[in-house]
Structures are given as C-alpha cells and as structure tokens.
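# Just a sequence and a predicted model for now, questions to come.
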Amino acid sequence: MTVINMEKSIRVRVLGRDYALRVSDEDEAATREIAAYVDAKMRSFHRAFPDQPELTTAVVAALAIAEEYFQARDQRERQLGAMEGELLKMDARLQEALNGGSGGNS
C-alpha cells in the first residue's frame, strides 16, 4: 500500500501577523510549535524594546534562536565525544576480558 504525503495549507501567527504555510500532515504539529516558539522570542524582544522596528525584532530573535541552536549542537557534540571515549574504554576492557584478562598470556 502506498502512503501519499499530502500537503495542506495552514496559518500561523507571528508577532501579530498571519503567515500561510504549506506543510505535510505529519509536519503540521511541529511547524505550529516552531512558529509559536519564534513568536514567543519575537514578543519577548518586542516587549523589552517596543520602539525597535519589526525587522530588528525579527533579526534579534533569529540571532537568539541561532545561538540556542549552536549551544545545543556544541553540547551534543561534547556528549557524543564523551560517550565515544567511554565506548572505547569499554571495548578495550571487553577485548582484554575475551583475551584472558592477562594481556594475552597463555
């Protein structure tokens, strides 16, 4: 049975403006969540600096979101590196155990 990924049009609101987007059924919830997150970031900046133009608000929000992304990415890379190091240690211990535990003495 072939599953067809249907796209549909949805509306999201960011900083008081509606935007029409085309998304697949499976991406709708995530798209709405992302739009709400962007809206919250922009509103937060706009509340703190209400005299700034909308473009400045959008750019500052984009920079804040990008900073969060880069921090999360860097943390993930550090965690993966640490896990890889632990896996290498476990592999070495396993190999030692499989080889008789005494460095290969027979």
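Ah, there it is. Just so it is clear, the structure is predicted and the values come from calculations on it, not from any experiment.

# So for this structure, the centremost residue is which one?
Taking C-alpha atoms, centre = their mean as the criterion, residue 69 is the residue nearest the geometric centre of the chain, at 6.2 Å.

# same question for stretch 42-50, mean pLDDT?
Averaging pLDDT along stretch 42-50 gives 97.

# what comes up buried for it?
42, 45, 46 (16 or more other C-beta atoms under 10 Å). In short, each C-beta sits where N, CA and C put it, glycine included.

# now swap in stretch 58-66 and tell me
In terms of neighbour count (16+ other C-beta under 10 Å), stretch 58-66 has its buried residues at 58, 60, 61.

# Just the CA trace of stretch 17-24, in CSV.
In CSV, the C-alpha atoms belonging to stretch 17-24 read as follows (Å, rounded to 0.1, in the frame of the first residue of the first chain):
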residue,chain,number,x,y,z
ARG,A,17,0.9,38.7,11.5
ASP,A,18,-0.6,35.7,9.8
TYR,A,19,1.5,33.6,7.5
ALA,A,20,0.2,30.9,5.2
LEU,A,21,2.4,27.8,5.0
ARG,A,22,2.2,24.6,3.1
VAL,A,23,3.1,21.6,5.2
SER,A,24,2.6,17.8,5.2
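
# Mind checking the pLDDT average for that stretch?
Averaging pLDDT along stretch 17-24 yields 97.

# From the chain's centre, how far out is it? Work that out for me.
Between the centre of stretch 17-24 and the centre of its chain there are 20 Å (C-alpha atoms, centre = their mean, to the nearest Å).

# Many thanks, have a good one.
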